[in-house]
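> Let's see this in three dimensions:
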Amino acid sequence: MSELRHQNPSAPTPLRDRSAPRFPGGPIADPAGSHHERRIRSFQPRRSRVTTGQGDALKRLWPDWGLEIDGLRVLDLVEVFDGLPVVLEIGFGMGEATAQMAAADPGTGILAVDVHTPGQGNLLGLAERNGLSNIRVANGDAIILLREMLAPDALDGVRVYFPDPWPKSRHHKRRLIQPEFLSLAAQRLKPGAVLHCATDWEPYAEQMLEVLSAHPDFENTQQDGGYTPRPAFRPLTRFESQGLNKGHAVHDLMFRRVERIASRVV
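Presented below is the predicted three-dimensional model:
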């Protein structure tokens, strides 16, 4: 083919095989084949440009620091994180806050999940440049990860910072923080572990507080039953700063997973 094109420069350029990975050895599209699953998803994959640096990080670092959420195996988090306690972060954007938290707490492993390819590459690059060996980046649907790839009581915490608020009423069913999600998360959290949510969308904060307060597997860490002041370990992100400048109120919610009565040893 290359010889023919040399002889005929006007020949059309062959189309790229769209089934081939954009970054050989890097994350793949829809690793669990979840488009076959009849379930309302809480996330909307975004398409945006991957920079040269992000693409290079994906190609080089994904084989060691990346995980595909394929639903085909149960992860051994003790092996993956060399015995560190593990916190799951669902949706990390470009990863700046995740990298800051990992640097401030090297004794905790962060399993960071997202479907945004530029963000995955950016976080991997940040981890490498800052020597953060306690980060692993997972590609795919967090529900499949929780449901099929994590053992009971495997997590020491779950973080959900600024999830899509799905502001239109007809889309509220897409919001992640729902009773079904909380039941699944509770099964994977150790007793006493904390689910930490943050949002700058007031109606979503109110819904979060309502469903978390009503769930039997969680209790509010705030004695007054309200929101939590932003803890020092959660960095003030660029996105959050922009919202605050616009007058948005940011609410944190921290709920502890309680020990189920049925699981207590009498």
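> Give me the residue at the spatial middle of this structure.
Centrality entry for the chain: nearest residue to the mean C-alpha point is residue 90, 2.3 Å, by CA atoms, centre = their mean.
> wait, doesn't it sit right on residue 115?
No - look at residue 90 against residue 115 with CB atoms under 8 Å: they stay out of range, at 10.7 Å. From N, CA and C alone the C-beta is placed, and that goes for glycine too.
> Distance of the spatially closest residue to residue 230 that is not a sequence neighbour relative to residue 196?
Counting by CB to CB, 6 or more residues apart in numbering, the nearest residue to residue 230 once its immediate chain neighbours are dropped is residue 252, at 5.2 Å. For residue 252, the distance to residue 196 under the criterion CB to CB, to the nearest Å works out to 7 Å.
> anything in contact with each of those two?
231, 234 (CB atoms under 8 Å, 6 or more residues apart in numbering).
> neighbours of the residue nearest to residue 96 when sequence neighbours are not counted, just the number please.
In space, not counting the residues next to it along the chain, residue 96 is nearest to residue 237; the distance is 6.6 Å by CB to CB, 6+ apart. Summarising burial for residue 237: neighbours were counted as other CB atoms under 10 Å, giving 19.
> And residue 242, by the same measure?
Residues within reach of residue 242, counting by other CB under 10 Å, total 11.
> In the strand or helix carrying it, which residues are buried?
When secondary structure is defined using DSSP states H and E, the element that contains residue 242 is helix 238-245. With burial defined by 16 or more other CB atoms under 10 Å, the residues of helix 238-245 counted as buried are 240, 243.
> Need the single longest strand in the chain, by residues.
When the chain is scanned for its longest strand (criterion: DSSP state E), the result is strand 189-199.
> Extract the C-alpha trace of it and format it as PDB.
Taking Å, rounded to 0.1, in the frame of the first residue of the first chain, the C-alpha atoms of strand 189-199 are listed here in PDB:
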ATOM      1  CA  LEU A 189     -17.300   0.000  52.700                       C
ATOM      2  CA  LYS A 190     -15.800  -1.300  55.900                       C
ATOM      3  CA  PRO A 191     -17.900  -0.500  59.100                       C
ATOM      4  CA  GLY A 192     -17.000   3.000  60.200                       C
ATOM      5  CA  ALA A 193     -15.700   4.000  56.700                       C
ATOM      6  CA  VAL A 194     -17.000   7.400  55.400                       C
ATOM      7  CA  LEU A 195     -18.800   8.300  52.200                       C
ATOM      8  CA  HIS A 196     -17.900  11.900  51.500                       C
ATOM      9  CA  CYS A 197     -19.900  13.900  48.900                       C
ATOM     10  CA  ALA A 198     -19.600  17.500  47.800                       C
ATOM     11  CA  THR A 199     -21.700  19.500  45.400                       C
END
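> what about the strands in the protein?
Assigned by DSSP E, the strands in the chain fall at 66-68, 86-90, 109-114, 135-139, 155-161, 189-199, 218-220, 251-257.
> Outside of the fourth one itself, list whatever touches it.
By CB under 8 Å, 6+ apart, the list of residues contacting strand 135-139 from outside reads 27-28, 31, 62, 65-69, 80-81, 98-99, 102, 109-115, 120, 123-124, 127, 145.
> And for the fifth one?
Contacts made with strand 155-161 from outside it, assessed by CB under 8 Å, 6+ apart, are listed as 77, 85-92, 97, 108, 176-177, 185, 188-190, 193-198, 234, 237.
> again, only using 6 Å
85-90, 185, 188-189, 193-198 (CB atoms under 6 Å, 6 or more residues apart in numbering).
> now the helices for the stretch 51-200 of the chain?
Along the stretch 51-200 of the chain, the segments classed as helices by DSSP state H, counting those that start in this stretch run 52-65, 77-80, 96-104, 117-129, 142-148, 179-188.
> In TSV, list these along with distance to residue 215, mean pLDDT and mean neighbour count.
As requested, the helices of the stretch 51-200 of the chain are exported to TSV (distance: least, CB to CB, whole Å; pLDDT from 0 to 100; neighbours: other CB atoms under 10 Å):
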stretch	distance to residue 215	mean pLDDT	mean neighbour count
helix 52-65	33	96	17
helix 77-80	24	97	15
helix 96-104	25	98	20
helix 117-129	29	97	23
helix 142-148	15	96	20
helix 179-188	5	97	18
